[in-house]
Every structure is written in C-alpha cells, then in structure tokens.
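Trainee: Just the structure for this:
(2 chains)
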Amino acid sequence: MFESISQALHGVFSHKMRSFLTMLGIIIGIASIITIISGIKGTNEQIKANLIGAGNNVVTVQLYQNDMPYEMMYSGNPVGVKPLEAGQREELRKLDGVDNVTFYHSRSYAEQIYYQNTAFTGNVFGIDDSYFAVNDYQIKQGRGFTAEDQAQNRKVVILDERAVQTLFGSENPVGKAVEIMQEPFVIVGVAARSSNFEPVINSVDDYYSYAQTDAGSFFLPDSAWPIVYRFDEPQNVAVRANSTDDMTNAGKAVADYMNENQIASQASKDGMSYRSNDLLKRAQQLQELSSSTNNQLIWIAAISLLVGGIGVMNIMLVSVTERTHEIGLRKAIGAKRRRILTQFLTEAAVLTGIGGILGVLAGIGMSKLISKFMDTPSAISIPAIAAATVFSILIGLVFGFVPAVKASKLNPIEALRRE
Amino acid sequence: MLVEMKDICKDYPQGKEKVRVLKDVCLQVEEGDYLAIMGPSGSGKTTLMNLIGCLDVQSSGEYYLDGEDLRNAGSNRLAEVRNRLLGFVFQSFYLLPKLNAIDNVALPLMYAGVPKKERRQRAEEALKTMGLEDRMTFRPNQLSGGQCQRVAIARAIVGKPKLLLADEPTGALDSASGSQIMDIFDRLNTDGTTIIMITHEQAIADRAKQIKYIRDGILSSGREEPPQAETPDGEEGEAHA
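Mentor: Numbering: from 1, shown residues only, chains lettered A, B, ... in the order given. The predicted model follows:
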C-alpha cells in the first residue's frame, strides 16, 4: 500500500505540469469550498461570541399579549395576571438549568423623567436584590440599594453609565436629584456591566440584536416602583442559566412555570402568556440564515469539483493509453488485474489527494486574505479540512475507476504490440 | 517434460471469418533444452510464443506447462504462472523508462510478493551476473541498447524461472551487442535454464541446441524446410519493427 502510494507520487512528480493542470479543477473547487466554510464558521462564531458577551447566559421571560410584548405604560395592569411574590424566587431557582433569577418591572421609552430641563427617554427598571447580580452589573460610583432603601420605600435611583452620559456628560451624578413622574429621586450610584462587551456589528440583524440604541437605564428599588407607577404590576423575570447551552431550556422552564402559576385561565384564553426570549435561539436563527445562503454557494463550488473530477478521468484515460506498453509488460511479468487496477486507482487518488491538500491551503490563504481586506469574519474548520481532503481522494477513486478498469482489462499481447 | 503441446490450434477472428494462425502444432521441450524457432513474418511464430508464454490461450489442443494443464486457468492463475515459471525477453526490451535498472529488474519480484529488501538484493545480484554492476542506478535512456537488453534479461531471470522465452532478442541490436547477448544465453542454458527463442536470423538460431521452423502456422523440425522469402503483408510485422 505504502509502496504503491510512493510509486504514484513518483508518477505525479515526473509530470509536474500536467499533474498540476489536472489538479487545478480540484484545487479551485476545494479552495472555494474551504473559503466559503471558513466564512460561515467565522460568522457563526462571531454571532455566538456576540451572544455570550451580550447575554452572560441570561434569558428574559416577558409577558406577551397575543404576539406582542405587553406594554404596561399604555395598557394598565393586565387582568388575571398575578405579580410574583418573594417566596417564588426559590421555586424558580430550583428549575432545571436555572442558576439565578430576578424579578423586575420595566418601562421602555419612559416619559416624564427630567434632570433639570433635560428629558430622559430611556428604560426604567424596578428591581429586586438579585437584579444586578443576574445581569452582571457592578456599582461604579456611589452605592447600591440597601435593605433600608427597600424597607422604607426610599426615592433613590441608580443610573447606568449610558444614562449618565446622556444626562450628565462628565459631571458626577451621585447626590443629584432627578424627577420621575413628578417625584424627586436622588441618584445614589452608577452601575455598569462588569464584562466589557463590544458586539461586532456586521448586519442589520446584528444591529437590532446587540446594539444599544437607547438612551440608558434608570434603576429604582422595586419598593419605590408603586410611587411612580402602579401597585401589583406583574413583573418580568430575568433568568441566568447554568451554561450557554442551558439557556433555551431554563428560559422555557421559567416561562412554563409563570404561565401555569401566574396567569388565570381566562387571561390565558385572552392571549396573555409569558415567553422566554433567549439570545441563543436568536443566534441560531441568525446562524441558520447565514448558513443557508452560503450552503448554496457550496453546491456551486461542488460543480467545479465535478468538472475537476472529469478532468482527472480524462487525463487518466490518456495516461492509460500512453502507458499501454507498461501495462502490457507488467501483466506479462506477472501482474494480476487487481494490481493494475490498484496502481491506477492509487495514482488517481494521490493526484486528487494532493490537489485537495493544495486546495485546502489555497482556501485557507484565500479566506485569510478576504477576511483581512473585506473585514469579514473567518474561522478555519478542522473537520471541513479533513472532509475536503477525504472527499478529494474519493473523487480520484470515483473518476479514476473507469480508466483503472480499462487498464486492468488490457490484453497483454495487444498492449505490448500496440505502437 | 517442461513444455508439452498436442495438436494446438489458434484461430483469430478477422471480420466474420476466422483465420487459423496455428495448425495442429505439437511441441515438446525438455528441461535444459535450448530451442530456436525460425519463421518468416506472419508464420505464426509470435502467436506460438504467446501461447507458450501463457499470454494467450489456444483455441483447441492441449498444453501442459511443467505438468499443469492450463486450458481452464483464469487470468489470475496465468499471471501467477508467468510470474513464477517464465521469464520474457523482448526485441524492444520493454523497460519502464521512469525506473532505474534495479527497480526494473525487481519488478517481477514485487508481483511475486517478495519483501522490498530482498527484491533489491536479488535484483542487484541479477544485474551483476549481467556485468552491469556499475549501471545499477541508471535509467533505460542512459543505457545503450545492449545494456538495456541485459537489464531485460536480468529482469527475466531474477525470479529464477524454469523457462526463458526470447522474442527476437537481438533484433534491435548491433552484431557486437547481439553476440554478447547470445553468449549470455549460452551461459544461462549451461547453468540449467531452458530457453525458447524466436528469431529469423540463421546465425542467431545456430547458437541454439535445436532449431524448429514454422511456416504458415505449421511447425516442423529438421532443416529440410528453410525459411523462404517473407510474405510482404503478414499480420505480425514485429520482425521489421
């Protein structure tokens, strides 16, 4: 086996130009497939990196009416949906895949929030003790909420860095007062996400998924929430899953629990439901979208492999004709059909195998170049490289078969006599 | 008896007709014999050689090689027989141009399944007996015709065959090289190798112990029927190739 391969290598290298031209189809085909797959894998890895960076394995479970998120600001408290009680936190934490949970109220595009004469239209959250832990916030300036803040319904607020930037610029906001729904609140601290996450934005989808387009967030203790908004408002839940892979399950478990325990049957008939909104699912959708476009490209590249295979078959047929004397001689001195067949199959497979390896190298080079000059992601896939190499050897075996059979069936007398 | 042929006939299709190339050929060759077969082009001598050499199968008749009836042997069995019992020397050498002398000579041993090291060793020995010890790594295009033919003989004898078949072995050589080849044949025969040789040169045939003549597919012994003028358009033009 090893010997026939080294023999075949010898044959390939003794016709360098011809071998290279024959391989060219395979090289181009494999190179384009490797380039495309590197592109797909790069995009997918970037999507996942964005997701892990952005979400910290957090899934939000929100109240929906029919297919729209329920908007508390305009609709009032939904009928038949119970708010969560503190004791239920432990029950939720015991669900499969759940690491930690937090309950929170929220308003997006809040109205009637001012610092002096500047209006703020970002998000407002009414949060419990675990909110910052679950969402990975740290207090950067001032302090966090204390037990007294919650117990005494103090009108205090923590801003995120974005809100600080929107309202205060470089000024220190701690100790300043803001007005929320005509109530004065004192800023006690500034919070920021501890992980320094910057998503890579390549498409409109990425933009909507990861970019922070709002003006920032205000955080109130949930005991102060009824002062400015409403009593008994049902909360949303943010769930931190044990791992990225658990996100979908943990989110679903919490949503199921909420639908079962918090929503009366009449309300659920009216279209009220909790839904988990996890980024893993979102990322998978994005990945599928980018893959399905590129899978079509792979098929197109596969056609060039087919053409390359036909080229190999053609050259092998020529080679069989050219080497009739050699085949006749080999048979005369005792080579069985099988040996001749193996010899020519090996030659074809070695030819396309080398072509495949060169194609892989060219593909890696090409994807790096494209990635560098077009600033798109790319990642080399080891399984794809292995598959491409094996597949190109297979092409040799398939397209080399007809010529090899032809060689093995040559009659030694005629083969020796032929001029 | 090494070669025993009884009433061998060989037909070739030619269009819709069949042409009988060999007619009731009987041939017996003992071990140690040295036989020359002479005949003009188209006489059927190469066809006979192909049959003796198990490259072709007779249309009718019986052929025993070293006692084995090869009528029903498949192509694999015939390949084995050629590999183990026979050695071939051709007019135009048929050395593989990409291989050096050693590799060319070692080729039959590869098909016999001899391990690589032993192959090389035996090929070197065979080349030495041909007086080519200083040409072992040369390729055919770096060798003279006589040297090429000696490499080819080394290849034919490296597997220690019982029977050496030579088809016009000196046909492509000048007379000096030719007589060198014939000296080698004499030596091989003296050492016990049976030789059957095809030639159309009387001087070459005279080196053999025994001469048989073939004409129009009929084999005869005795010198009473010497070769006459060659038929111009015989189907076996190799004597002039």
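Trainee: Quick one: name the residues of chain B near chain A.
Mentor: By C-beta under 8 Å from any C-beta of the partner chain, the part of chain B that sits against chain A consists of B:50, B:53, B:55-56, B:75-76, B:79-80, B:82-84, B:88, B:90, B:94, B:96, B:98, B:107-108, B:110-112, B:116, B:155, B:159, B:238, B:241. In this view, the C-beta of every residue, glycine as well, is placed from N, C-alpha and C.
Trainee: Of those residues, keep whichever come out buried.
Mentor: B:50, B:53, B:55-56, B:75, B:79-80, B:82-84, B:88, B:90, B:94, B:96, B:98, B:107-108, B:110-111, B:155, B:159, B:238 (16 or more other C-beta atoms under 10 Å in any protein chain shown).
Trainee: Please flag which of the residues you listed sit within helices.
Mentor: Counted as lying in helices by DSSP state H, out of those, are B:Asn50, B:Ser75, B:Ala79, B:Glu80, B:Arg82, B:Asn83, B:Arg84, B:Leu107, B:Pro108, B:Met110, B:Tyr111, B:Arg155.
Trainee: nearest spatial neighbour of the first one, skipping sequence neighbours?
Mentor: Meaning B:Asn50. In this structure, B:Asn50 finds its nearest non-sequential neighbour in B:Asp56, 4.1 Å apart by C-beta to C-beta, 6 or more residues apart in numbering or on different chains.
Trainee: Correct me if wrong: that neighbour contacts B:Thr46.
Mentor: No - when contacts are counted by C-beta atoms under 8 Å, B:Asp56 is not listed as touching B:Thr46 (9.9 Å).
Trainee: Give me the secondary structure label for the closest residue to chain B within the stretch 201-350 of chain A.
Mentor: Residue nearest to chain B within the stretch 201-350 of chain A: A:Gly334 (2.5 Å; C-beta to the nearest C-beta). Counting by DSSP: H, G, I helix; E, B strand; the rest coil, the backbone at A:Gly334 sits in coil.
Trainee: what's the neighbour count on it?
Mentor: 24 (other C-beta atoms under 10 Å in any protein chain shown).
Trainee: pLDDT score assigned to it?
Mentor: Note for A:Gly334: predicted pLDDT of 93.
Trainee: Contacts only, for it.
Mentor: B:Ala79, B:Glu80, B:Arg82, B:Asn83, B:Arg84, B:Pro108, B:Tyr111, B:Ala112, B:Gly159 (C-beta atoms under 8 Å, 6 or more residues apart in numbering or on different chains).
Trainee: residue contacts, the nearest residue to it once chain neighbours are set aside?
Mentor: Among residues not flanking A:Gly334 along the chain, B:Asn83 sits closest, at 2.5 Å (C-beta to C-beta, 6+ apart). Taking C-beta under 8 Å, 6+ apart as the contact definition, B:Asn83 lies against A:Ile333, A:Gly334, B:Pro108, B:Tyr111, B:Ala112, B:Gly159.
Trainee: beta partners of the residue nearest the centre of chain B?
Mentor: In chain B, the residue lying closest to the centroid (C-alpha atoms, centre = their mean) is B:Leu165, at 2.3 Å. On the basis of DSSP bridges, B:Leu165 is bridged to B:Phe88, B:Ile196.
Trainee: isn't it right up against B:Ile196?
Mentor: Yes - counting by C-beta under 8 Å, B:Leu165 touches B:Ile196, with 5.4 Å between them.
Trainee: tell me, what's touching those two both at once?
Mentor: B:Met49, B:Ile52.
Trainee: follow-up on the earlier one: can you lay out the ones in helices among the buried ones among the residues of chain B next to chain A as TSV showing pLDDT?
Mentor: Listed next are those as TSV, based on pLDDT from 0 to 100:
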residue	pLDDT
B:Asn50	93
B:Ser75	90
B:Ala79	94
B:Glu80	94
B:Arg82	95
B:Asn83	95
B:Arg84	94
B:Leu107	94
B:Pro108	95
B:Met110	93
B:Tyr111	93
B:Arg155	96
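Trainee: now for the helix or strand hosting A:Gln285, which elements pack on it?
Mentor: Using DSSP states H and E, A:Gln285 sits within helix A:279-322. Secondary-structure packing of helix A:279-322 (3 or more C-beta pairs under 8 Å, 6 or more residues apart in numbering or on different chains; DSSP states H and E): helix A:16-55, helix A:204-210, helix A:247-261, helix A:337-374, helix A:382-409.
Trainee: if we go to 7 Å?
Mentor: Where contact means 3 or more C-beta pairs under 7 Å, 6 or more residues apart in numbering or on different chains; DSSP states H and E, helix A:279-322 is packed against helix A:16-55, helix A:247-261, helix A:337-374, helix A:382-409.
Trainee: Single out the residue in chain B that lies closest to chain A.
Mentor: For chain B, C-beta to the nearest C-beta, closest residue to chain A: B:Asn83, 2.5 Å.
Trainee: Next up, the contacts around B:Glu133.
Mentor: B:Leu127 (C-beta atoms under 7 Å, 6 or more residues apart in numbering or on different chains).
Trainee: Would you state the predicted confidence (pLDDT) at it?
Mentor: Predicted confidence (pLDDT) for B:Glu133: 93.
Trainee: Need phi/psi at it.
Mentor: phi -60, psi -20 (degrees, to the nearest 10).
Trainee: Let me see the contact set for the nearest residue to A:Ser243 once chain neighbours are set aside.
Mentor: Leaving aside its sequence neighbours, A:Ser243 sits nearest to A:Asn57 (C-beta to C-beta, 6+ apart; 6.5 Å). By C-beta under 7 Å, 6+ apart, the residues touching A:Asn57 are A:Arg240, A:Ala241, A:Ser243, A:Thr244, A:Met247.
Trainee: can you check A:Arg93 too?
Mentor: Contacts of A:Arg93 (C-beta under 7 Å, 6+ apart): A:Asn100, A:Val101.
Trainee: and the longest helix seen in chain B, how far from the chain's centre?
Mentor: Longest among the helix segments of chain B by residue count, using DSSP H, is helix B:175-190. From the chain centre to the centre of helix B:175-190 is a distance of 14 Å (C-alpha atoms, centre = their mean, to the nearest Å).
Trainee: Could you do stretch A:170-180 as well?
Mentor: With C-alpha atoms, centre = their mean, you get 39 Å for stretch A:170-180.
Trainee: same question, stretch A:159-171
Mentor: That offset, for stretch A:159-171, works out to 32 Å (C-alpha atoms, centre = their mean).
Trainee: In that stretch, which residues are buried?
Mentor: Here stretch A:159-171 shows A:Leu159, A:Asp160, A:Arg162, A:Ala163, A:Val164, A:Thr166, A:Leu167, A:Phe168 as buried, counting by 16+ other C-beta under 10 Å.
Trainee: so which pair among the residues you listed is furthest apart in space?
Mentor: A:Asp160 and A:Phe168 (12.0 Å; C-beta to C-beta).
Trainee: Which positions within stretch A:135-148 qualify as buried?
Mentor: Under the neighbour-count criterion of 16+ other C-beta under 10 Å, stretch A:135-148 has A:Asn135, A:Asp136, A:Tyr137, A:Gln141, A:Gly142, A:Gly144, A:Phe145 buried.
Trainee: Could you look up the SS state of the closest residue to B:Gly178 other than its chain neighbours?
Mentor: Nearest residue to B:Gly178, sequence neighbours excluded (C-beta to C-beta, 6+ apart): B:Thr170, at 3.5 Å. Here B:Thr170 is recorded as coil under three-state DSSP.
Trainee: which residues sit in contact with B:Thr170?
Mentor: The neighbourhood of B:Thr170, defined by C-beta under 7 Å, 6+ apart, consists of B:Gly178, B:Ile181, B:Met182, B:Ile204.
Trainee: mind checking pLDDT for the residue nearest to the third one when sequence neighbours are not counted?
Mentor: Spelled out, that is B:Met182. The spatially closest residue to B:Met182, leaving aside those adjacent along the chain, is B:Arg207, at 4.9 Å (C-beta to C-beta, 6+ apart). Listed pLDDT for B:Arg207 reads 92.
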